[in-house]
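> sequence and predicted structure are below.
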Amino acid sequence: MPRDTKRSSKSWRNLFITLAVINVVVILTFAILLFWPVKETPFPDTKQQVKGNSSEFIIRTTKSNINEMIAAYLDNVLKDNKYHYQVKLEDDVHLVGELPVFSSTVPLSVHLTPLVQDNGDVILKLKSISVGLLELPNKKIMEYIQDYLPMPDWVKVNPRAEEIYVALKDMDIKSNFKVEAAHVDLPANNISFKISVPYDEIGLD
């Protein structure tokens with residue numbers, strides 16, 4: 001066999017081996033990321049808290065009003081962020097956005113069921129989730145949401161439990177009012193909140 005032919009054959013063999021090694025590394029890396037244990041997120045105590053000197057008022061509202069408020073809030077929170085998303089109250093809570101995958105992004109769609117807790121906070125329990133045509137474990141997608149979608153400090157994603165904890169009582173409100181969920185029935189468009197007004201906020205000791 002001529003020397004040039006041997007050299008060409010050897011070059012092709014080396015190139016094939018290199019590509020095979022790269023493919024194996026990529027597959028192993030993806031598998032490791034996919035099945036790496038999901039970290040646990042600590043949640044607040046969901047038991048009802050003892051309140052100080054304050055009065056409570058029940059405020060009833062609609063999905064339309066809440067959606068307008070959520071949209072305005074997210075516009076402000078996400079204005080300088082690379083990854084955007086929307087949250088809408090429908091028959092459930094629907095989160096729509098994008099997640100980065102390698103050098104591109106894929107569409108994200110999450111449906112969640114709201115569960116009011118004894119302390120007035122809300123747990124959004126995962127109902128269904130998808131990222132484009134990718135087949136990924138729910139917990140891994142939730143972990144990507146936790147890592148890439150910016151959320152306020154009072155909203156915590158728990159990938160292991162497949163839920164999002166909304167600590168309404170920890171919302172940063174300019175007044176000293178406290179907000180708690182009283183009742184949430186989205187299909188019936190029946191939503192109510194408790195507003196606690198401390199006496200010292202209105203000049204009472």
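Looks like it came in fine. Numbers count the residues shown, from 1 in each chain.
> can you pull the buried residues of stretch 156-167?
The neighbour-count check on stretch 156-167 (16 or more other CB atoms under 10 Å) flags Lys156, Val157, Asn158, Pro159, Ala161, Glu162, Glu163, Ile164, Tyr165, Val166, Ala167 as buried. C-beta here means a position set from N, CA and C on the backbone, and glycine is covered the same way.
> oh sorry, the question was meant for stretch 56-72
Lys63, Ile66.
> let's see that stretch as PDB, backbone CA atoms only.
Provided in PDB are the C-alpha atoms of stretch 56-72 (Å, rounded to 0.1, in the frame of the first residue of the first chain):
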ATOM      1  CA  GLU A  56     -58.400  41.300  59.500                       C
ATOM      2  CA  PHE A  57     -60.400  42.100  56.300                       C
ATOM      3  CA  ILE A  58     -61.500  39.700  53.600                       C
ATOM      4  CA  ILE A  59     -61.000  40.900  50.100                       C
ATOM      5  CA  ARG A  60     -62.600  39.100  47.200                       C
ATOM      6  CA  THR A  61     -61.300  39.400  43.700                       C
ATOM      7  CA  THR A  62     -61.200  37.700  40.200                       C
ATOM      8  CA  LYS A  63     -58.700  35.900  38.000                       C
ATOM      9  CA  SER A  64     -58.700  38.900  35.700                       C
ATOM     10  CA  ASN A  65     -57.700  41.300  38.400                       C
ATOM     11  CA  ILE A  66     -54.900  39.000  39.700                       C
ATOM     12  CA  ASN A  67     -53.600  38.400  36.200                       C
ATOM     13  CA  GLU A  68     -53.200  42.200  35.600                       C
ATOM     14  CA  MET A  69     -51.300  42.600  38.900                       C
ATOM     15  CA  ILE A  70     -49.100  39.600  38.100                       C
ATOM     16  CA  ALA A  71     -48.300  40.900  34.600                       C
ATOM     17  CA  ALA A  72     -47.300  44.300  36.000                       C
END
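> same question for that stretch, mean pLDDT?
For stretch 56-72, the mean pLDDT works out to 93.
> now do stretch 147-160
So the average pLDDT for stretch 147-160 ends up being 93.
> I'd assumed Val155 was in contact with Ala167.
Yes. Between Ala167 and Val155 a contact is recorded at 7.3 Å, counting by CB atoms under 8 Å.
> ok, now how distant is Thr113 from Lys125?
5 Å (CB to CB, to the nearest Å).
> low-scoring stretches of the chain, by residue?
1-52, 54, 174-175, 199-205 (pLDDT under 70).
> and Leu78, how many neighbours does it have?
17 (other CB atoms under 10 Å).
> how about the contacts made by it?
His84, Tyr85, Pro150 (CB atoms under 8 Å, 6 or more residues apart in numbering).
> identify the residue nearest the first one in space, chain neighbours excluded?
If I follow you right, that is His84. Leu78 (5.0 Å; CB to CB, 6 or more residues apart in numbering).
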